[in-house]
Each structure stands twice: as structure tokens, then as C-alpha cells.
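Student: Next comes the sequence, and after it the predicted model I'd like to discuss.
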2 protein chains.
Amino acid sequence: MKVDGQLYRTIWLNDDKNSVSVIDQTVLPHRFVITQWHSAEDVADGIRKMVVRGAPLIGASAGYGIALGMLHDPSDKGLERSYKMLFASRPTAVNLRWALDRIRAALLPVQPCDRAAAAFAEAGKICDEDVSNCSAIGEYGRSLIKQAWDATGRSRPINLLTHCNAGWLATVDWGTALAPIYKAFDADIPVHVWVDETRPRNQGASLTAWELGHHGVSHTVIVDNAGGHLMQHGQVDLCIVGSDRTTGSGDVCNKIGTYLKALAARDNQVPFYVALPLSTVDWTIDDGIMSIPIESRSPDEVTTISGHTNEGELCEIRLTPEGTTALNHAFDVTPRHLVTALITEYGVFKTTPEEMAKLREKQFCTVCGI
Amino acid sequence: MKVDGQLYRTIWLNDDKNSVSVIDQTVLPHRFVITQWHSAEDVADGIRKMVVRGAPLIGASAGYGIALGMLHDPSDKGLERSYKMLFASRPTAVNLRWALDRIRAALLPVQPCDRAAAAFAEAGKICDEDVSNCSAIGEYGRSLIKQAWDATGRSRPINLLTHCNAGWLATVDWGTALAPIYKAFDADIPVHVWVDETRPRNQGASLTAWELGHHGVSHTVIVDNAGGHLMQHGQVDLCIVGSDRTTGSGDVCNKIGTYLKALAARDNQVPFYVALPLSTVDWTIDDGIMSIPIESRSPDEVTTISGHTNEGELCEIRLTPEGTTALNHAFDVTPRHLVTALITEYGVFKTTPEEMAKLREKQFCTVCGI
């Protein structure tokens, strides 16, 4: 998507073919900095320090991490070393392991002297597939936004609400929840986005606001408390959020607070869509509330907050009285009956057993079951 | 309630009988400072700068403001001047006008030389009535908490969730939503409070956490996004919130985000109580969502935040990209059907037409209608 009028991905191979560039997300939204990675160590360090975040982007980064590692030591031992180091950089990230396994499987049959080239090719493929999936999600979602616009007689902009950042910064390009919005915007459908600030890490107020603003999409930041009130007053036409993990029945595990917006959407007859690549669906689980373990993060994320002063200095402040304890669950589960439909790279699917079965068929070969 | 083991009200007449002390709420939760007021000007300034906040406390402060004014100029002209100056300090506060009207009506028939004494007496009465109302709310609410505790076989603490600050800092003592919790705690019923931080002004994370902590009540701060997840997992036994304005049918206008918690409570069969003095009920309106105008405050409250650094310095930081716009509605309306019952100084009333009619009878003489 665009930054200051220029098209970017979040990660790309440089023209020198032996270094990779990424947008440093630790300094957004206050500074736009491109960082170069020259080695697997650089990549592992970048993942650890959250220079890149978002499951698809972490996977793509890991792919390039192996490739950079192969430039220096393409032996089996070197491959194993890069794999382990990258895996340790964020061991809970499902996409990280998936990308590492995929690229290792592709490299093992290849002669060491050809591995770097093969690894760069495979990492490039991972990126392109992600872009293609997100673009497809965007196209399917755009048609939903267009329907809503048509339903108004094309008389006014369509108001969307999103939570957290499931935008292009979390992927290689387009994003998941924001892809339909970018596609609609690019197709001249007038849109306006209510951006939940998304406490405690404020990914909405910082990243979503930043990327929408730079691409030119009209948006307004609101506190997480405000969405229900806006829906009561007809100011939200549809909600689109992302998903960190989706159960086989259609329950959605996403950033904490998603469930509250889904409740408000149902109470006010606002469609509530979840945009996701099929890779986030875990077909082995059914009941998300009972089965998905929720990460509990540091209470400091709630009791303190960082940002830039007017003078541009980074400053951390305390929000609670000394000694106050806080609890910080990172995700919640929105039960399937609150989800209008899932927007995937294969189309839009309701969360009924019949539609979920159809979605499953898209992912697995019905003959061999794999 | 207690601060460092000592009992306090938020406002009191000093022994010198010509000055008033208040807890300076602008420096909480980081510092505990008592401020003295010697004149009506001091009071108007304090209300304007939010040294005191909360409708009941603003009313009580205005009462003392007139009394301090009478020490200096007890003439009709002096009374009018104090009235106007105090009224202008926060013209939208309903309780401010109510207290000023009450005290002016009490003073007009009194000789100027006796007005200061009469005003201090009336201001004291306003305070004592507020304490008595809040204490009654607390007693009625305590019995609800006790029932919940009994229902567990007294086997574990009762988990309550509250939003914003409807505690003793917003009143003269006890508070409204927190009064039942203090009464339960003082009666050795084990309680634990989930404190919504309450963006954007963070009254929960700062004031509610501070006052519960100083009185010794177990509590944990959570982001506003978290309550639904806790309710899904059985970690909230009941919700109690306050009300800024209540309609004759039982719709509740309270701090933005209250509605989302009420939705989650209903979805998880958690009782949702609203504690309020009858003075917040506006019997002239029925549909809160349609009829109550919602104050829109400065976007800066969303895009920037202030707090203390580790070094104790006050620091303001920016949370959003430069130039990002925000919308900042201060309140939302929770429709009556999501409210389990209202806890008032006259008892606990469901929001059915029959029960609301009974509640109304408590406030108005049924013979003369006043």
C-alpha cells in the first residue's frame, strides 16, 4: 500500500539480492524507518524486537531469514542452525514454524551451493502467496462493502469499524480486515473507518491509523468504549476484524475486545465480518471459548504507556497508582453465532455447519484428506 | 472512606469555620493533597479546574462556595454575584444548579448578617444528605452482594466489575456504585473488584483503583476490552456501575462503554446493577437513546495522554500519528432491558414499568404531584 504516495510492501528483497528491507514497526506511528537485514541473526533479532509483527509477516520474514543464512552457511548444519535460531525468536508464532518447515523441506533436497537461490525463491513465493491471499480476501470483502453502498443508493460513505491492526503492516501487503477497505477505496467506493484504539497496546491508534492515513483512507480514532454508542446511532454500516485463530465451527479468537464489538453489532443489526486466510483455521477444535488458551501478557502493558512528547522524545508514564495490579489477557473469543460471515481467500462463508464444511473442502483434498 | 488508615470525606468545613478543605483530585492517583478554599472564587476555580468532580461533590462544593461568599459579602447583590460565578464554573452540571438554587432559596429570607451561618448550615446539610443517600444505596447493594456470596456457599470472594469512578471521590462519602462494595467489605464479605480503566480519561485506572486500594479492597485494573472475556469465563459475579442520568423508564446514561459491559453481562447471565441517587432520574424522558444528548469532548483526550514518569515528572504523550482525528463522546445509554435493577437510596427496583412507577412514588408526593 501507499506511504507518502509511494507503493510499499512490509518486506522486500533488495536489488543487491543479498539483503532484505523491512519497515521498522517499533518506531511507528511517529517515524517511518526502513531497516536492512543482512543475516539470519538480523532477522531473528528483528522478529524478537517486533520490528516486524503480524503472523503472515513473521512467516515471510522467517523465510528470508533462512535465505540470508544460506548466503553465509548453506550446509545442512548451517540450515539447522538458522532454523533453530529463527524458531527461538518467537516460538509461539504458528506462522513462523509453518514458514520455517516449508522452506527447510524445500531446501533439504537441494545442493548446498544452490540453496541460497532456492531459499530466496521460496521466501519470495511465501510473500507472493500471502499478497495473493490478502488480495483475494480484499476482493470478496469489497463486494460486501459495495453492496452496502448500493443499499444506501450510493448516497453517502460507508462507515466501517475495525479493531486492532489487521492491515497491511501485519501482512506482506493489503492486510486481512483492512484489505476489503483498501480495495473499496481504490475502486472509488467512499468509505470511512472507525478505528478502535485497541488497548492496551494501541495497535489501532498507532498502526491502523497510520496505514489508513498514509494510503489516504478517511478514518477517525475512537476509544474501545465508543463503538456500541456509534452502532446505536446508526453510524456503523459494518464491522470487519481479523482473526488470530478460528475454530472449525467458526468461533473467532482475535484481539481482546473483539467479542464486545460483536455483541454490540448483533444488538444493533450491524453485520460483523471476520477476514482471515484459511491458514488461521484450526479444524481440530470446535468450541473456541473452552478450547483456545488465551495468552496472558505483562501487567505493565496496562499500568504504563509509552509515546512521544511534543518535543519528539520517547516517554513512558504510569497510569495507575503505585503497586496496583492489572490483568492482561491478549485475546478473546467471539462465538460463531455473533459472526455474520468469514471473508476468506476462497470467498465469503457463513459460520453454519454446512458452510464451514464447504470452506473445509476448499482447504483439504476431499479424496486423500490432506 | 479511608486513606492511609484515616477516615476522610472529599470535602469538609475546617475547625476555623471560615475555610473548607477538599481532596485535590487533579493530582490523584500519584499524590494525595488537601487543598483549602477561603472564598467563593476559590471554589469556582476548583470546580473549573476539576479539583473536585462528580455530580454530588460538585453540588456540595457549590453550597460551601456560597457560604464562603457570604463571609465576604452577604448582601443580596453579593449572593447573586457568588451564585453567578459558581454557576459559570461548570454550567452543564445539573447538581451544581440544584445546590445553588437550594441554598439561595434558603438564604433569601434570612437577614444578611445571619446568611453566612445559615449557608454553612445548609451546605453541611447537603453534604450529610448525600452521605446518607449513598450509605443507604450501599446497604441495599450490600445485601445483593451478600446474596451472591451466600449462593456460593460463602466459598470464595465475590467478583464485581465496575466502570469509571462512581466511588466516594465522586460524592461526599461512600460513592454510588462503590458504596455496596465498601459496605460489603466493611461487613467482612470477601470481595474482589475488576476495575475498567475507562478510556479516555482513565478514571477507573486512576481514581477507582486509588480509592479501593486505600480502603484496602482487593482489586485488579483491566482494559475496557477485557470484561467480556472475564464474564465468558465465569470470573464476574455481578456488575455495578453508576449513572449520570436515568430516564423515567429505566434507561441509564453513564460513562461511554457502560453499554458494552451490559451487553456482555446479559450474554453471560451476569446481573448488571446500576447504583444511583433518585436525583439522577429525569422523569420527563422515556427513551434514553433518542432523548439524551451526549456530550462530545475534546479529541485530545483520545489522541494524547498524561501521567507520571518513573522520576515523578508529569509528561504528556501522543498516542496517534500526527494529524489523526478522533471522536470523543463522553457517555452512552444502556437500555433498560439490559439493567437487572436500579439500586437507590429507597431500595432495589427492577426497570419494569410497575417497579419504576413505585420508585417514582418514593420521590413525589402522590397527592400533590410535587
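Tutor: Yes, it's here. Numbering: from 1, shown residues only, chains lettered A, B, ... in the order given.
Student: can we go C-alpha only for contacts and neighbour counts from here?
Tutor: OK.
Student: OK, contacts around A:Val193?
Tutor: Residues near A:Val193 by Cα atoms under 8 Å, 6 or more residues apart in numbering or on different chains: A:159-162, A:217-220.
Student: Chain B next: which of those are close?
Tutor: Among the contacts of A:Val193, the residues that sit close to chain B (Cα under 8 Å from any Cα of the partner chain) are A:219-220.
Student: and which of the contacts of A:Val193 is nearest to chain B?
Tutor: Relative to chain B, the closest of the contacts of A:Val193 is A:Thr220; by Cα to the nearest Cα it sits at 5.0 Å.
Student: what helix or strand is that closest one on?
Tutor: Following DSSP states H and E, one finds A:Thr220 within strand A:218-222.
Student: By neighbours, which of the contacts of A:Val193 wins?
Tutor: Within those, A:Thr162 tops the neighbour count with 28 neighbours, counted by other Cα atoms under 10 Å in any protein chain shown.
Student: ok, that one to A:Val236 distance?
Tutor: Per Cα to Cα, to the nearest Å, A:Thr162 is found 10 Å from A:Val236.
Student: hmm, back to that, export the contacts of A:Val193 to a markdown table and tack on distance to B:Asp16 and pLDDT?
Tutor: Converted to a markdown table, the contacts of A:Val193 look like this (distance: Cα to Cα, whole Å; pLDDT from 0 to 100):
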| residue | distance to B:Asp16 | pLDDT |
| --- | --- | --- |
| A:Asn159 | 60 | 98 |
| A:Leu160 | 60 | 98 |
| A:Leu161 | 57 | 98 |
| A:Thr162 | 57 | 98 |
| A:Val217 | 62 | 98 |
| A:Ser218 | 59 | 98 |
| A:His219 | 56 | 98 |
| A:Thr220 | 53 | 98 |
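Student: between the contacts of A:Val193, which is closest to A:Gln36?
Tutor: Distance to A:Gln36 across the contacts of A:Val193 (Cα to Cα) is lowest for A:Val217, with 28.5 Å.
Student: phi, psi of that closest one?
Tutor: The phi/psi pair for A:Val217 (degrees, to the nearest 10) reads phi -90, psi 130.
Student: tally of neighbours for A:Ala55?
Tutor: Using other Cα under 10 Å, A:Ala55 has 18 neighbouring residues.
Student: Surely it touches A:Asn95?
Tutor: Yes. Between A:Ala55 and A:Asn95 there is a contact at 5.6 Å, judged by Cα atoms under 8 Å.
Student: For A:Ser206, give me the backbone phi and psi.
Tutor: The phi/psi pair for A:Ser206 (degrees, to the nearest 10) reads phi -100, psi -70.
Student: Looks like it contacts B:Glu322 (just checking).
Tutor: No. If you go by Cα under 8 Å, A:Ser206 and B:Glu322 don't touch, sitting 10.0 Å apart.
Student: Between the two, which is the more surrounded one?
Tutor: Neighbour tally, A:Ser206 and B:Glu322, criterion other Cα under 10 Å: the higher count belongs to A:Ser206, 28 against 13.
Student: Pull up the gap between that one and chain B, please.
Tutor: Per Cα to the nearest Cα, to the nearest Å, A:Ser206 is found 5 Å from chain B.
Student: Show me how far the longest helix seen in chain A is from its chain's centre.
Tutor: Ranked by residue count, the top helix of chain A under DSSP state H comes out as helix A:112-151. Taking Cα atoms, centre = their mean, to the nearest Å, one finds helix A:112-151 lying 13 Å from the centre of the chain it belongs to.
Student: Need the contact partners of the very next helix or strand once past that helix.
Tutor: Heading C-terminal from helix A:112-151, the first helix or strand you meet, by DSSP H and E, is strand A:158-162. Here strand A:158-162 makes contact (Cα under 8 Å, 6+ apart) with A:145, A:148-149, A:177, A:190-196, A:227, A:235-241.
Student: which is the next helix or strand following strand A:158-162?
Tutor: Following strand A:158-162 toward the C-terminus (DSSP H and E): helix A:179-186.
Student: Could you check the angle that next one makes with strand A:158-162?
Tutor: Angle of helix A:179-186 versus strand A:158-162, following axes from the mean of the first three to the mean of the last three Cα atoms, to 10 degrees, is 150 degrees.
Student: dump the residue contacts of the residue in the stretch 101-250 of chain A that chain B sits nearest to.
Tutor: Among all residues of the stretch 101-250 of chain A, A:Asn225 sits closest to chain B, at 4.0 Å; criterion: Cα to the nearest Cα. Applying Cα under 8 Å, 6+ apart to A:Asn225 gives the contacts B:198-199, B:224-225, B:256-258, B:260.
Student: how close does the residue lying closest to A:Trp174 once chain neighbours are set aside get to A:Asp282?
Tutor: Spatially, and ignoring its direct neighbours in sequence, A:Trp174 is nearest to A:Trp168 (4.5 Å; Cα to Cα, 6 or more residues apart in numbering or on different chains). To A:Asp282, A:Trp168 is 23 Å away according to Cα to Cα.
Student: now swap in A:Gln235 and tell me
Tutor: From A:Gln235 across to A:Asp282, the span is 34 Å (Cα to Cα).
Student: Between those two, tell me which one has more neighbours.
Tutor: Neighbour totals were compared for A:Gln235 and A:Asp282, and A:Gln235 leads with 17 against 14 (other Cα under 10 Å).
Student: Quickly find the element holding that one.
Tutor: Per DSSP H and E, there is no helix or strand for A:Gln235.
Student: So what are the sheet partners of the helix or strand containing A:Leu342 and their directions?
Tutor: Using DSSP H and E, A:Leu342 sits in strand A:341-344. Strands adjacent to strand A:341-344 in the sheet, as given by DSSP bridges, are strand A:272-275 (parallel), strand A:347-349 (antiparallel).
Student: Show me which residues of the stretch 251-370 of chain A are close to chain B?
Tutor: A:256-261, A:263-264, A:289, A:302-303, A:306-310, A:315-322, A:324-329, A:332-333.
Student: how about a cut-off of 7 Å?
Tutor: Proximity of the stretch 251-370 of chain A to chain B, by Cα under 7 Å from any Cα of the partner chain, involves residues A:256-257, A:259-260, A:263-264, A:302, A:307-309, A:316-321, A:325-328, A:332.
Student: From the residues you listed, which land in helices?
Tutor: Judged by DSSP H, the subset of those located in helices is A:259-260, A:263-264, A:302.
Student: May I see the ChimeraX selection of the buried members of the residues you listed?
Tutor: Buried subset of those, written as a ChimeraX selection, criterion 16 or more other Cα atoms under 10 Å in any protein chain shown:
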select /A:259,260,263,264,302
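Student: mind checking how far the residue of the stretch 1-150 of chain A found nearest chain B is from A:Gln203?
Tutor: Using Cα to the nearest Cα, the closest approach of the stretch 1-150 of chain A to chain B is made by A:Pro29 at 5.2 Å. Taking Cα to Cα as the measure, A:Pro29 falls 10 Å from A:Gln203.
Student: can you list residues touching both of those two?
Tutor: Residues touching both A:Pro29 and A:Gln203 (Cα atoms under 7 Å, 6 or more residues apart in numbering or on different chains): none.
Student: wait, doesn't A:Ala179 sit right on A:Gly138?
Tutor: Yes. Counting by Cα atoms under 7 Å, A:Gly138 is a contact partner of A:Ala179 at 4.2 Å.
Student: quick one: contacts of stretch A:226-239?
Tutor: Here stretch A:226-239 makes contact (Cα under 7 Å, 6+ apart) with A:158-162, A:261, A:264-265, A:268, A:270-273, B:256-257, B:259-260, B:332.
Student: Of all the residues in it, which ones are buried?
Tutor: Buried residues in stretch A:226-239 (16+ other Cα under 10 Å): A:226-232, A:235-239.
Student: State the mean pLDDT of stretch A:225-240.
Tutor: When pLDDT is averaged over stretch A:225-240, the result is 98.
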